[in-house]
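Peer 1: need coordinates for the following:
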Amino acid sequence: MKTARRVMWLALTLVVAGFPLVATPASDRGIGGTGAPASGPSISDRGIGGTGIVGVITGFGSVFVNGLEVAYTPTTPMTVDGVSDPDAALRLGQLATIVASEDNGLHAVSIDLRHEVSGPVTSVSPTGDTLVVAGQTVTIDGATAGPRTVRPGDWVAVSGLREPDGVIAASRIDPRMPGTVLVRGTATSAQTPDLGGWRIGDLSVQPPNGAGLAPGANITVRGTMVNGGLSDTTVDADVLSSDPAAFFGGHVRRLVIESYVSAAGGHVRFGRGWLAAPGRGVVVPAGAHRAIVQLERGAHGDFVATHLRGAGRPVAPRRGDRHGALEPPHAAARPFGPARDEARPWRDRRPEFGRAGFMPRRDRRPR
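Peer 2: Numbering: from 1, shown residues only. This next block holds a predicted model:
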């Protein structure tokens, strides 16, 4: 066990920009060679055993995401939108993508802070609850962290999740300096297809020369705002949105993902893209709902949804509550989805969905 821990922490020091030093297949290196590698992080080469987490940060102690308590250290590799940032810091409301090991609790191997859009504010509704940022509609409410006053002309970075209609429900807004614009979303053909342009939301995007793209693809675009459109762009496939299992790779045995989910042909659909088979007893209400879904790798290597719980807006854990707090919608007393192993002693349970949410196994011996 001690040797395994030393190997894990040595691996942490070898990770650059949140990704391990492994070869990336050419097929995973963006769209038409126009951007950085689009593949996701991996936990190790020692077999299946890690957890991939995507969700809003709701508290600290360690860091709480999706009701999971994940330990991290000052040496944990941290990136912002896939790029190393020495000034990166964890804050409430940020959307985090975490690869964690499972060794007497969850320990972050890498953390990436993800923005859905980062650029100039072009309009604000009279009530102040709707913004347009780089052509993307963004809604805010009392639970949105960050500055409460945003004006046209400000530059902001928006953390949050896209609703099924493409609107971004902001969990955090941070001011930023003008510069490169980042937009994630579903690409559609521009109104003038003869010019070869695309659109994400209401933003026109001029693709790089030679870049091909199928309409409906999930992409991440970076570029410069020129006359209300995005030029001088680089484009990457947004693998996390289209296929989280592929993003985290084959060494992760469990995924815990916050998303807008719906039922589709006996499967659980995440956003507009990825489908996962549900486990027995998992019930997905009609329509699309913001929820936290736990998935486990099945016998054939595919992921099966084993637990599903309604997700409230970010809530900091109560003092003394080391497992975080999640508010089910409609003041439901229990999550929807099974709660396994409730009859087993607490110390014998694996990290999984319990009465108070997804909880890591904890050693309850007196200290």
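Peer 1: drop to CA atoms for contacts and neighbour counts, all remaining ones
Peer 2: Fine.
Peer 1: give me the nearest residue to Thr144, chain neighbours excluded.
Peer 2: Nearest residue to Thr144, sequence neighbours excluded (C-alpha to C-alpha, 6 or more residues apart in numbering): Ser171, at 4.7 Å.
Peer 1: actually Arg297, sorry about that
Peer 2: Leaving aside its chain neighbours, Arg297 sits nearest to Phe303 (4.3 Å; criterion: C-alpha to C-alpha, 6+ apart).
Peer 1: the one you found: what's it in contact with?
Peer 2: Shown in contact with Phe303 (C-alpha atoms under 8 Å, 6 or more residues apart in numbering): Ala245, Ala276, Ala277, Leu295, Glu296, Arg297.
Peer 1: can you pull the contacts of the third one?
Peer 2: With contacts defined as C-alpha under 8 Å, 6+ apart, the neighbours of Ala277 are Gly266, His267, Val268, Phe303, Val304, Ala305.
Peer 1: so for the helix or strand hosting the residue nearest to Thr144, mean pLDDT?
Peer 2: Per DSSP states H and E, Ser171 falls inside strand 168-175. Strand 168-175 shows a mean pLDDT of 96 in the predicted model.
Peer 1: can I get the CA coordinates of it in PDB?
Peer 2: Extracted C-alpha coordinates of strand 168-175, given in PDB (Å, rounded to 0.1, in the frame of the first residue of the first chain):
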ATOM      1  CA  ILE A 168     -26.300  28.600 -19.700                       C
ATOM      2  CA  ALA A 169     -27.400  28.400 -16.100                       C
ATOM      3  CA  ALA A 170     -24.600  30.200 -14.400                       C
ATOM      4  CA  SER A 171     -23.300  28.900 -11.100                       C
ATOM      5  CA  ARG A 172     -20.500  31.500 -10.900                       C
ATOM      6  CA  ILE A 173     -19.400  34.600 -12.800                       C
ATOM      7  CA  ASP A 174     -15.900  36.100 -12.500                       C
ATOM      8  CA  PRO A 175     -14.500  39.300 -14.000                       C
END
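Peer 1: who does the very next helix or strand once past that strand touch, helix- and strand-wise?
Peer 2: Counting by DSSP H and E, the next helix or strand C-terminal to strand 168-175 is strand 181-186. Strand 181-186 sits against strand 117-124, strand 198-200, strand 218-226, with contacts defined as 3 or more C-alpha pairs under 8 Å, 6 or more residues apart in numbering; DSSP states H and E.
Peer 1: partner strands of the shortest one, with direction?
Peer 2: Strand 198-200 has the following strand partners under DSSP bridges: strand 188-189 (antiparallel), strand 203-205 (antiparallel).
Peer 1: got the contact list for it?
Peer 2: Residues outside strand 198-200 that contact it (C-alpha under 8 Å, 6+ apart): 135-136, 183-190, 204-207.
Peer 1: for Thr58, see how far away the closest residue to Gly201 other than its chain neighbours is.
Peer 2: Computed as C-alpha to C-alpha, 6+ apart, the closest residue to Gly201 that is not its neighbour in sequence is Gln136, at 5.5 Å. Per C-alpha to C-alpha, to the nearest Å, Gln136 is found 24 Å from Thr58.
Peer 1: give me the contacts around the strand holding Ser171.
Peer 2: Residues from elsewhere that reach strand 168-175, judged by C-alpha under 8 Å, 6+ apart: 56, 92-95, 116, 136-140, 143-147, 154-163, 313-314.
Peer 1: now the two most distant members of the contacts of Ala277.
Peer 2: Greatest spatial distance among the contacts of Ala277 (C-alpha to C-alpha): Gly266 and Phe303, at 13.8 Å.
Peer 1: so Ala245, which state does it fall into?
Peer 2: Three-state assignment for Ala245 (DSSP: H, G, I helix; E, B strand; the rest coil): helix.
Peer 1: how close does it get to Trp274?
Peer 2: 9 Å.
Peer 1: mind listing what's buried along stretch 269-286?
Peer 2: Buried residues in stretch 269-286, counted by 16 or more other C-alpha atoms under 10 Å: 269-272, 274-279, 282-284.
Peer 1: kindly reformat the residues you listed as JSON lines containing pLDDT and secondary structure.
Peer 2: JSON lines is the format used below for the buried residues of stretch 269-286 (pLDDT from 0 to 100; DSSP: H, G, I helix; E, B strand; the rest coil):
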{"residue": "Arg269", "pLDDT": "88", "secondary structure": "strand"}
{"residue": "Phe270", "pLDDT": "90", "secondary structure": "strand"}
{"residue": "Gly271", "pLDDT": "83", "secondary structure": "coil"}
{"residue": "Arg272", "pLDDT": "76", "secondary structure": "coil"}
{"residue": "Trp274", "pLDDT": "86", "secondary structure": "coil"}
{"residue": "Leu275", "pLDDT": "87", "secondary structure": "strand"}
{"residue": "Ala276", "pLDDT": "88", "secondary structure": "strand"}
{"residue": "Ala277", "pLDDT": "86", "secondary structure": "strand"}
{"residue": "Pro278", "pLDDT": "88", "secondary structure": "strand"}
{"residue": "Gly279", "pLDDT": "83", "secondary structure": "coil"}
{"residue": "Val282", "pLDDT": "84", "secondary structure": "coil"}
{"residue": "Val283", "pLDDT": "82", "secondary structure": "coil"}
{"residue": "Val284", "pLDDT": "82", "secondary structure": "coil"}
